[in-house]
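# structure of the sequence below:
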Amino acid sequence: MTTFTSAADQIRMHLERVTHLREQAHSAGLATAVHEVKQLQARRFRATYSDFLLAPRYRAATRFFLDELYGEHDFAQRDEQFGRIAGALERLFPDAVSQLAVDLAETHALTETLDHQLAEHWMGQGNAVSYSERYVRSWRLTGERKDRERQLAVVQHMGGELQRLTRMKSLLIALRMMRAPAQAAGLSALQQFLERGFSAFSTLGDATTFLAAIAQREQRWIDTLFDADLTTCSHALALELAQA
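Below is the predicted model:
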């Protein structure tokens, strides 16, 4: 028998996982290692998508993905706000908006889980090798290829939903009207996330090329980090980081 899990319950489940990992990282002395891993990954993303960051059409959508999904920022405030109104999202917005929030929460939980595991291996290796080789070794010790590919699939779905939702003019108007009430209710971080996403994809227009490039480039890095010769992979990563 299939058990139905509501969007609100899924959001809360994913965010509880993130909170637990955040607390665990601090108590286990992993917080610095997690931050170092996130910084390196953010540099790699900026380098991989430097062409999109320079292109006026793609810049806003690229910045949204890099800052809101793969950024090195502390998302504790946004997480708390999402968790607090998870039920309201499901009641007040179309199903697609609720699913967008579920996608964000799942991506966030997957990212934090993988970063936490990678950071454990990162700490265990010390500074005897270069940052790029240390990262590749940590990635391979972490494993979890299916989770890496799931992470990419959820991001792709989120991008497709953002494109579809930006065509709903009434939803865009309603979102702008929510600014003052959201701030008054202490939900400004959540409001800014939604508005930035909608604004970025409104500017982008047809997101097909953008999302296809993300799928291709990230899958290439997943395959390289798992399968390429260690020296070759470490060198490729070092070259990429040098461009950031």
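
# the residue nearest in space to the middle of the chain and T231, how far apart?
By CA atoms, centre = their mean, the mean C-alpha position of the chain lies nearest to L69, the distance being 2.4 Å. In this view, L69 and T231 are 30 Å apart by CB to CB, to the nearest Å. All C-beta spots, glycine's among them, are computed from the backbone N, C-alpha and C.

# and if you look at R196?
40 Å.

# more crowded one of the two?
More crowded of R196 and T231, by other CB atoms under 10 Å: R196, with 16 against 10.

# any idea which element the closest residue in space to that one that isn't next to it in sequence lies in?
Leaving out its chain neighbours, the residue that sits closest to R196 by CB to CB, 6 or more residues apart in numbering is F64, at 5.6 Å. Using DSSP states H and E, F64 maps to helix 56-68.

# stretch 7-14: which residues count as buried?
Within stretch 7-14, the residues that count as buried by 16 or more other CB atoms under 10 Å are 7-8, 10-14.

# could you pull out the strands in the protein for me?
With strands called from DSSP state E, the chain shows none.

# list the buried ones in the top helix by length along it?
Longest helix in the chain by number of residues (criterion: DSSP state H): helix 95-125. Neighbour-count burial for helix 95-125, counted by 16+ other CB under 10 Å, picks out 97-123.

# again, but for stretch 228-244
233-237, 240-241.

# would you turn those into JSON lines with distance to F210?
Below are the buried residues of stretch 228-244 laid out as JSON lines (distance: CB to CB, whole Å):
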{"residue": "C233", "distance to F210": "26"}
{"residue": "S234", "distance to F210": "29"}
{"residue": "H235", "distance to F210": "28"}
{"residue": "A236", "distance to F210": "23"}
{"residue": "L237", "distance to F210": "23"}
{"residue": "E240", "distance to F210": "20"}
{"residue": "L241", "distance to F210": "23"}
